[in-house]
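Colleague: My questions are about this predicted structure, shown below with the sequence.
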Amino acid sequence: MKDNYLIIMAGGIGTRFWPISRSTNPKQFHDVLGVGKTMLQQTAERFQGIIPSENVYVVTSDEFADLVKEQLPFLSDEQILKEPQRKNTAPCIAYAAYKISKKNKKAKFVVAPADHVILKEQLFQENIKKALQEAEKEVFVTLGIIPTRPDTGYGYIQYVPSAEDAQKVKTFTEKPNFELAQAFLESGDYVWNAGIFIFKLPTFKKELEKHQSRMAEQFEEGLAHYYTPGEEDFIKKVYGVCKNISIDVGIMEKAQEVKVILSDIGWSDLGTWQSLYEINEKDTNNNVIEGNVIAYDTTNCIIKTPHNKLVVIQGLQGYIVAEQGNALMICPKNLEQEVKKFVEDATQLDPKFS
């Protein structure tokens with residue numbers, strides 16, 4: 001396992017999950033599922049036995065570094081990579097990969113978001129082990145989630161069906177409209193893109209140099225600075241000029257050798273209130289309730305409020321009721337796409353509400 005590394009991406013804000021996810025304390029640092037562990041802690045723990053703790057690296061915003069250290073105290077300061085700006089996933093992954101390359105030229109990486117739910121962890125670990133083996137063939141590997149509905153909120157991967165553990169990827173498609181998502185579901189050769197990537201260091205560097213050559217040069221120049229007091233200043237300069245681009249668009253869509261392992265692992269990106277509602281157990285009235293709540297004639301709702309406050313609800317059907325800190329949101333579930341607008345308007349009213 002000494003060559004296996006985990007890169008956890010933990011710099012996002014999770015605006016669609018407001019008011020639980022806030023600009024100063026996003027959802028990855030919350031116990032969203034009510035299991036006694038935050039999303040970040042669950043992400044790190046599900047790789048135990050596959051990746052040594054000293055090989056776990058977290059890339060996060062500079063402002064969240066203390067939260068990461070508090071929740072994952074086994075990390076050294078060198079394992080917490082602080083991004084001075086949000087520049088999407090390609091620079092985030094490049095920073096970690098090139099830094100680790102200074103220590104280990106044989107490194108194999110698993111890249112995972114910090115805020116996803118995986119309910120079938122044993123199956124997930126089995127798939128990760130298969131992916132690490134497949135990555136030895138100098139290919140990129142990703143996990144594809146077998147779709148259950150025509151969801152327009154996910155990216156899709158088309159694959160060439162075969163009897164192998166890993167299928168050859170044909171195309172990537174960003175979030176489609178409903179009609180296209182329905183066609184993908186009916187075709188039977190599309191899966192959801194889980195945003196989890198597995199690859200060897202030489203594979204990543206070769207493709208980055210080929211498709212994002214300037215970015216490769218920028219992070220290669222950091223080899224003299226990584227693991228030194230000069231790293232922070234160097235990264236500030238690089239992030240000031242490097243491209244804002246995702247790994248999907250920047251590399252994965254362009255790479256010739258990409259494989260996908262079909263996965264049924266109880267996955268959700270937990271991007272919206274509806275996704276949290278779907279994965280949670282419901283009461284007899286189809287409600288998901290966390291908090292000190294008394295509900296009358298209330299059905300199909302998700303209610304998440306502080307335990308130190310009694311909340312009484314009468315006559316709601318299909319609503320989100322969420323309170324965190326100084327903000328309370330009450331919104332029909334079928335209008336949750338308005339949450340981003342709520343955050344924008346609340347921030348204009350007072351930045352402390354963001």
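Modeller: Arrived safely. Numbering: from 1, shown residues only.
Colleague: and the gap between residue 303 and residue 72?
Modeller: 30 Å (Cβ to Cβ, to the nearest Å). C-beta here means a position set from N, CA and C on the backbone, and glycine is covered the same way.
Colleague: Which residue lies nearest the spatial centre of this structure?
Modeller: Centroid-nearest residue in the chain: residue 113, 2.7 Å away (criterion: Cα atoms, centre = their mean).
Colleague: My guess is that one contacts residue 269. True?
Modeller: Yes - between residue 113 and residue 269 there is a contact under Cβ atoms under 8 Å: 7.3 Å.
Colleague: Which parts of the protein are helices?
Modeller: According to DSSP state H, the chain carries its helices in the segments 39-45, 65-71, 89-101, 121-135, 178-187, 201-211, 213-220, 231-241, 247, 273-279, 339-349.
Colleague: most packed of those helices?
Modeller: helix 247 (a mean of 25; mean count of other Cβ atoms under 10 Å).
Colleague: if I pick residue 27, what's in contact with it?
Modeller: 14, 17, 20-21, 39, 115, 270 (Cβ atoms under 8 Å, 6 or more residues apart in numbering).
Colleague: Dump those to TSV, plus distance to residue 92 and pLDDT.
Modeller: Putting the contacts of residue 27 into TSV (distance: Cβ to Cβ, whole Å; pLDDT from 0 to 100) gives the following:
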residue	distance to residue 92	pLDDT
14	16	81
17	20	88
20	23	89
21	19	88
39	17	94
115	14	92
270	19	83
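Colleague: Give me the PyMOL select line for these, limited to the buried ones.
Modeller: Burial among the contacts of residue 27 is assessed by 16 or more other Cβ atoms under 10 Å; the matching PyMOL selection reads:
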select buried, resi 14+17+20+21+39+115+270
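Colleague: Please identify which of the contacts of residue 27 is nearest to residue 159.
Modeller: residue 270 (24.6 Å; Cβ to Cβ).
Colleague: Quick check: the gap between the closest one and residue 277.
Modeller: Counting by Cβ to Cβ, the gap from residue 270 to residue 277 is 11 Å.
Colleague: Same check on residue 128?
Modeller: Taking Cβ to Cβ, one finds residue 128 at 28 Å from residue 277.
Colleague: and what of residue 25?
Modeller: Distance from residue 25 to residue 277, by Cβ to Cβ: 22 Å.
Colleague: again, but for residue 248
Modeller: Distance from residue 248 to residue 277, by Cβ to Cβ: 27 Å.
Colleague: same deal with residue 288?
Modeller: 5 Å.
Colleague: and if you look at residue 22?
Modeller: 20 Å.
Colleague: Now do the longest strand along the chain: which elements does it pack against?
Modeller: Secondary structure of the chain per DSSP state E: the longest strand is strand 190-200. In terms of contacts (3 or more Cβ pairs under 8 Å, 6 or more residues apart in numbering; DSSP states H and E), strand 190-200 is packed against strand 108-113, helix 121-135, strand 140-145, strand 156-160, strand 258-263.
Colleague: low pLDDT regions in this structure?
Modeller: Within the chain, no stretch falls below the threshold (pLDDT under 70).
Colleague: and it, what are its domains?
Modeller: Listed by the TED database, the domain ranges of the chain are 4-268, 279-353.
Colleague: So which of the ones you listed is the most surrounded?
Modeller: Buried most deeply of the domains of the chain, by mean count of other Cβ under 10 Å, is domain 4-268, with a mean of 18.
Colleague: Pull the distance from that domain to the chain's centre.
Modeller: 7 Å (Cα atoms, centre = their mean, to the nearest Å).
Colleague: re earlier: show me whatever sits in contact with both of residue 288 and residue 277.
Modeller: residue 302.
Colleague: Now residue 296. Nearest residue, chain neighbours left out?
Modeller: residue 314 (4.7 Å; Cβ to Cβ, 6 or more residues apart in numbering).
Colleague: check contacts around residue 93.
Modeller: Per Cβ under 8 Å, 6+ apart, neighbours of residue 93: 7, 9, 59, 109, 111, 197, 204, 247.
Colleague: could these be laid out in JSON lines, adding distance to residue 354?
Modeller: Below are those laid out as JSON lines (distance: Cβ to Cβ, whole Å):
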{"residue": "7", "distance to residue 354": "27"}
{"residue": "9", "distance to residue 354": "21"}
{"residue": "59", "distance to residue 354": "22"}
{"residue": "109", "distance to residue 354": "33"}
{"residue": "111", "distance to residue 354": "28"}
{"residue": "197", "distance to residue 354": "30"}
{"residue": "204", "distance to residue 354": "34"}
{"residue": "247", "distance to residue 354": "27"}
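Colleague: Relative to residue 177, which of the residues you listed is nearest.
Modeller: Nearest member of the contacts of residue 93 to residue 177, counting by Cβ to Cβ, is residue 247, at 23.8 Å.
Colleague: For the closest one, list the residues it contacts.
Modeller: 89-90, 93, 111, 197.
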